[in-house]
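**Student:** Quick one, what's the 3D model for this:
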Amino acid sequence: MKQILIADDHTAVRSGLRAVLEQHAGWHVVAEASDGRSALAAAIKTEPHLAIVDFSLPGMTGIEVARRIREASLQTEVLIFTAYNSNLLARQAFDAGARAFLAKSDANKLLLAAVASLLAHKPFFNGRLSSAANGGTAEILSPREQRVVKLVAEGYSNKGISAVLNVSVKTTETHRAAAMRKLNVNSIAGLVRYAVRAQLIDTL
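**Tutor:** The predicted structure is shown next:
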């Protein structure tokens, strides 16, 4: 039996998650918590296989809970559950030791897959946020580098980008090279794929 801890300050959210999870054979919610300190205490006491932890818990954030679980050397996998679909928060969550970051708006279609993945001790990456686990998030680029990547993905040449941004071609080339280095890509196609995944542009 796989044991799961749910930590969220909204009773309705906890109840909803419990109902969904316990429909799955072999999954059992062993504890619930409504704040960060209670979540950590419950994790230490019950040592669940998985903790689903809301990012915005009172008293201690979900990311701090994840960090403390790692420091306690528990074998508990952590899924950060949040209302905020943010690359920056995702990167912070992975850095703290969480192995999944899931926006509540994606729960209907991705929750069960994320839980199954973590219970198998495999990280779960959510589409456009997947690069966060490897540090390749939009936030590591400067605002100007993000703009250059966006324009490259939209088909602008270096000269065209320079005209739009009112900078020299050399400056554009410098920003473009820096972005490619940070994102570990070596082609325009790589920049385009990144821009789509990071939602810098809507479509190809």
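
**Student:** Now do the helices in the protein.
**Tutor:** 11-21, 36-46, 62-71, 87-96, 107-119, 143-153, 158-165, 169-183, 188-197 (DSSP state H).

**Student:** Against P58, how distant is the residue nearest the centre of the chain?
**Tutor:** The centroid of the chain falls nearest to A90 when counting by Cα atoms, centre = their mean (2.9 Å). Separation of A90 from P58 (Cβ to Cβ, to the nearest Å): 21 Å. No exception for glycine: its C-beta is placed from N, CA and C like everyone else's.

**Student:** pLDDT weak spots in this structure?
**Tutor:** Within the chain, the ranges that satisfy pLDDT under 70 run 126-140, 198-199, 202-204.

**Student:** what's the domain layout of it?
**Tutor:** 2-134, 141-197 (automatic domain parsing).

**Student:** Of those domains, flag the one that's most buried.
**Tutor:** Comparing the domains of the chain on average neighbours per residue, with mean count of other Cβ atoms under 10 Å, the densest one is domain 2-134 at a mean of 19.

**Student:** Please name the bridge partners of A51.
**Tutor:** Note on A51: beta-bridge partners L5, V78, judged by DSSP bridges.

**Student:** quick one, which residue of the protein lies the farthest from its center?
**Tutor:** The C-alpha centroid of the chain is most remote from S168, which lies 35.6 Å away (Cα atoms, centre = their mean).

**Student:** so who does the nearest residue to that residue once chain neighbours are set aside touch?
**Tutor:** Of all residues not flanking S168 in the chain, S162 sits nearest, at 6.2 Å (Cβ to Cβ, 6 or more residues apart in numbering). Going by Cβ atoms under 8 Å, 6 or more residues apart in numbering, S162 touches S168, V169, T171, T172.

**Student:** Unless I'm misreading it, the last one sits right up against I161, doesn't it?
**Tutor:** Yes: T172 sits in contact with I161 when judged by Cβ atoms under 8 Å, with a separation of 4.8 Å.

**Student:** any common contacting residues for the two?
**Tutor:** The overlap between the contact sets of T172 and I161 (Cβ under 8 Å, 6+ apart) consists of V148.

**Student:** Relative to Y156, how far out is S168?
**Tutor:** Going from S168 to Y156 by Cβ to Cβ gives 15 Å.

**Student:** Then I188?
**Tutor:** 11 Å.

**Student:** Next: I6.
**Tutor:** Counting by Cβ to Cβ - I6 and Y156 are separated by 47 Å.
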